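Engineer: A structural model of the following input is requested.
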Amino acid sequence: MIPTAAIGQRENIPAALFLALLGMSAFTPIFAAGKLAGGVLPIVALVWLRFAGGAATILCIASVKKVPLHKQISPLWKLHLMRAVCGVGGLSCAVYAASVMPLADATAIGLTKGIFAIALAGLILKELVTGKHWIAGAMSMLGAYLVVQSADNVAQNSEMALAGAIAAIASALFMAAESLIMRYIAQREDTVTILAYVNVFAALFLAVPVIWLIAQDGVAMGDLLAFAWLGPLAIIGQSFNISAYRRAGAATLAPAFYATVVLSALFGYAVWGEVPGPEALVGALLILAGGAVLTLRLGR
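Structural biologist: Alright, predicted model coming up:
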């Protein structure tokens, strides 16, 4: 095992928040992949493309950097496997939710992962959860609520909307658990090893059912190649996220990830012409203010 001191870095909350923002920016189009695909590809195929492409990308990087992944099995392989399961579950639910609901709505519901992560970080990782974390979380959650309230889109199918909301909540639970596992592993192993294990495990886990589904539905190779960017982009996003977790705890970063709703609103405007209203602007300011609260150093 690589010593913690060799991997962990001194806490730097502003840098961690910036890295988390970059990671979220990379994942915004990934979560919207189901809607971008327009039903051409099944959700599970998109998720597999993301992990299979990610595995191919990170293994190439490992080869170039001469990281000896094949020489020994990681002592944390069970945690890597657990994270892969959480990653597959979280992404599948998130992509499905965004495909049947407005992107901002699905994203806002998924933001409940911050509350789950803060609670679990205190209970499981024994991280110090202070009033500052809860204040930041409350501000960011209120901001997310205002942003989603400003959306003009109304679901045409209430049953699909309900299914999407349930999927978004399930995604939040998966991702909250994954964030805790990532925090623990990020302090003990290098980035290439972490990314290689989670992407390879997830790709293998989904390979057989996806290949069968592709053959059964007659999915065109061109449609698959059109989403080949999912894997490499996810590796970039994961690299930023891992770097963020090395500089701040899961409880600190959880509220900051509420900024995803702002990024989703911007993406929705750029791709589908969704225009945020005044409430969305106020919500965005609250989310940014919540992140600012995390950087404050309170005196004793």
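Engineer: the strands in the protein, which residues?
Structural biologist: Ranges of strands within the chain: none, based on DSSP state E.
Engineer: where in it is pLDDT low?
Structural biologist: 1-9, 147-158, 161, 250-251, 254-255, 274-277, 280, 291, 294-300 (pLDDT under 70).
Engineer: Which parts of stretch 214-231 count as buried, going by neighbours?
Structural biologist: Across stretch 214-231, burial judged by 16 or more other Cβ atoms under 10 Å covers 214, 219, 224, 227, 230, 231. C-beta: built from backbone N, CA, C; applies to glycine.
Engineer: same question, stretch 252-266
Structural biologist: 252-266.
Engineer: helices and strands around the lengthiest helix in the chain, which ones?
Structural biologist: Assignment by DSSP state H gives helix 158-186 as the longest helix of the chain. The contact analysis (3 or more Cβ pairs under 8 Å, 6 or more residues apart in numbering; DSSP states H and E) places helix 158-186 against helix 77-100, helix 103-110, helix 113-123, helix 191-217, helix 230-245, helix 250-256.
Engineer: now with 6 Å?
Structural biologist: Packed against helix 158-186, as judged by 3 or more Cβ pairs under 6 Å, 6 or more residues apart in numbering; DSSP states H and E, are the following elements: helix 77-100, helix 103-110, helix 113-123, helix 230-245, helix 250-256.
Engineer: on that earlier part again, so which of the buried residues of stretch 214-231 would you say is closest to residue 187?
Structural biologist: Of all the buried residues of stretch 214-231, residue 231 has the smallest distance to residue 187: 25.6 Å, by Cβ to Cβ.
Engineer: Relative to residue 59, how far out is the closest one?
Structural biologist: 11 Å (Cβ to Cβ, to the nearest Å).
Engineer: next one: residue 114
Structural biologist: In this structure, residue 114 and residue 59 are 32 Å apart, going by Cβ to Cβ.
Engineer: Same check on residue 132?
Structural biologist: 40 Å.
Engineer: same deal with residue 230?
Structural biologist: Counting by Cβ to Cβ, the gap from residue 230 to residue 59 is 16 Å.
Engineer: How about residue 233?
Structural biologist: 16 Å.
Engineer: So which of these two has more stuff around it?
Structural biologist: Taking neighbours as other Cβ atoms under 10 Å, residue 233 and residue 59 compare with residue 233 leading, 20 against 17.
Engineer: who's in contact with the closest residue to that one other than its chain neighbours?
Structural biologist: What sits nearest to residue 233 in space, not counting adjacent residues and going by Cβ to Cβ, 6 or more residues apart in numbering, is residue 26, at 5.5 Å. Residues near residue 26 by Cβ atoms under 6 Å, 6 or more residues apart in numbering: 233, 236, 237.
Engineer: Ok, residue 172 next?
Structural biologist: Neighbours of residue 172 in contact, by Cβ under 6 Å, 6+ apart: 110, 112, 113.
Engineer: ok, for residue 67, nearest residue in space, not its chain neighbours?
Structural biologist: Nearest to residue 67 is residue 192, by Cβ to Cβ, 6+ apart, at 4.6 Å.
Engineer: ok, residue 85 - how many residues close by?
Structural biologist: Residue 85 has 18 neighbours, counted by other Cβ under 10 Å.
Engineer: which residue sits closest to it in space, ignoring its chain neighbours?
Structural biologist: Closest to residue 85 by Cβ to Cβ, 6+ apart is residue 205, at 7.5 Å.
Engineer: Identify the residues contacting stretch 198-212?
Structural biologist: Contacts for stretch 198-212 (Cβ under 6 Å, 6+ apart): 44-45, 48, 51-52, 54-55, 58, 80-81, 83-84, 87-88.
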